[in-house]
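S.K.: Just need the structure, nothing else, for what follows:
(2 chains)
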Amino acid sequence: MSLLAFFEWLADTSWSVDLHESQYAYPLIESIHVWTMAVFFGSVVMFDLRLLGVTMRRVPASEVVDRLLPLTIAAFVIMVISGTLLFFAIPLRSYQSIFFRFKMLLLLLAGLNVWIFHSRVYPKVAAWDVDGVPPRAAKVAGALSLTLWIGIIFSGRMIAYNWFDCDRQPQPAIINFLTSCVATELGQ
Amino acid sequence: MSLLPFFQWCYQTAIGEAIRESLWLFPLIEAFHLVGLGLTAGAVLIVDLRLLGVGLTRQPVAQLSAAVEPWLLGSLTLMFASGIPLFLSESMKCYYSFAFWVKMTSLFLVILFTFTVRRRVTRTGPTSDQPLLRRITALISLCLWFGVAWGGRWIGFS
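M.R.: Have a look, this model is predicted:
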């Protein structure tokens, strides 16, 4: 079964349809997604800015990690759950949305950045913990994280707009390729 | 006096009209507004959590709040710079939206509260530790900010 066929099937399940057409559940889940984004991005940003040496210079970097990470993780979990539900409500269109795909790509890169930071840079934190301005490697991780998360917010917001949807043809060939629009949707 | 003529005037401004006529200006400005929302939340939460006795509890409140304040002011500037054009483009919808008025009332109150009571409480030195006052201040701040966030999200649903 292809992913496309799977999401077509998912879109036809009564749970997905009910959620999509619900009067309160969908807007509520969407709101929770945005509000927890604010908490998540807020705590990530403050840490990234600390890594860049532009705020809370007198607070040890490890203290910011230790004390903020539980909040960051909790918000991330709620965001993933609410985001999955939002996808589940509109699976096919989201799967074929160029902005959704770009968002997932950036999420992957942001995850990679976290992994590299925590496996390569952060273990040596003792050497620069109290430095107001951390070393280059930490700064790079902070700048990458900021850029990627801002990109994720932008592409997430744009999923709501249907400029490049498969049912809006003609689109440039590159768009149809990137969104996996199939021949029937192109009217061929 | 009714505010309706003012809202009508806002709606007819060149900026409002340009945003309405553009396909992508509104979403783009909205995305900046969302980034500003996250930044504001971060700058507010660091201090409010500290006031509640969570988070960066090893840091003196006054020092933490001073360190974060430029980012709070910066993020609020971004919020206003993106929020006002968004408002101009749909001020008539806002006028008749309950959520909009909740947001504006909460916003007015939270700005007032932040730069009077909250500022005073955060600047109080570590010697005069007043946990209850600090907690109440943080709770009021968080509740009012949530009013802003609730209203902001709900304008889009009305």
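S.K.: quick one, what contacts the residue nearest to the spatial centre of chain B?
M.R.: By Cα atoms, centre = their mean, chain B has its centre lying nearest to B:L107, at 5.6 Å. Going by Cβ atoms under 8 Å, 6 or more residues apart in numbering or on different chains, B:L107 touches B:V148. C-beta here means a position set from N, CA and C on the backbone, and glycine is covered the same way.
S.K.: element containing it?
M.R.: According to DSSP states H and E, B:L107 maps onto helix B:98-113.
S.K.: got the CA coordinates for that helix in CSV?
M.R.: C-alpha atoms of helix B:98-113 as CSV (Å, rounded to 0.1, in the frame of the first residue of the first chain):
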residue,chain,number,x,y,z
PHE,B,98,-16.2,39.2,20.6
ALA,B,99,-12.7,37.5,20.7
PHE,B,100,-11.1,40.7,19.4
TRP,B,101,-12.5,42.7,22.3
VAL,B,102,-11.4,40.1,24.8
LYS,B,103,-7.9,40.2,23.3
MET,B,104,-7.7,44.0,23.3
THR,B,105,-9.0,44.3,26.9
SER,B,106,-6.6,41.6,28.1
LEU,B,107,-3.7,43.3,26.2
PHE,B,108,-4.4,46.7,27.6
LEU,B,109,-4.6,45.3,31.2
VAL,B,110,-1.5,43.1,30.8
ILE,B,111,0.7,45.9,29.4
LEU,B,112,-0.5,48.2,32.2
PHE,B,113,0.1,45.4,34.8
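S.K.: can you give me the offset of the following helix or strand past that helix from its chain's centre?
M.R.: Next in sequence after helix B:98-113, counting helices and strands by DSSP H and E, comes helix B:119-123. Taking Cα atoms, centre = their mean, to the nearest Å, one finds the center of helix B:119-123 at 18 Å from the center of the full chain.
S.K.: all helices in the chain, in order from the N-terminus.
M.R.: No chain was given, so I picked chain A. A:3-12, A:14-21, A:25-51, A:61-89, A:91-95, A:98-116, A:136-158, A:173-178 (DSSP state H).
S.K.: looking at chain B here, not the other one
M.R.: Taking DSSP H as the test, the helices found in chain B are B:4-11, B:14-21, B:25-52, B:61-89, B:91-95, B:98-113, B:119-123, B:131-155.
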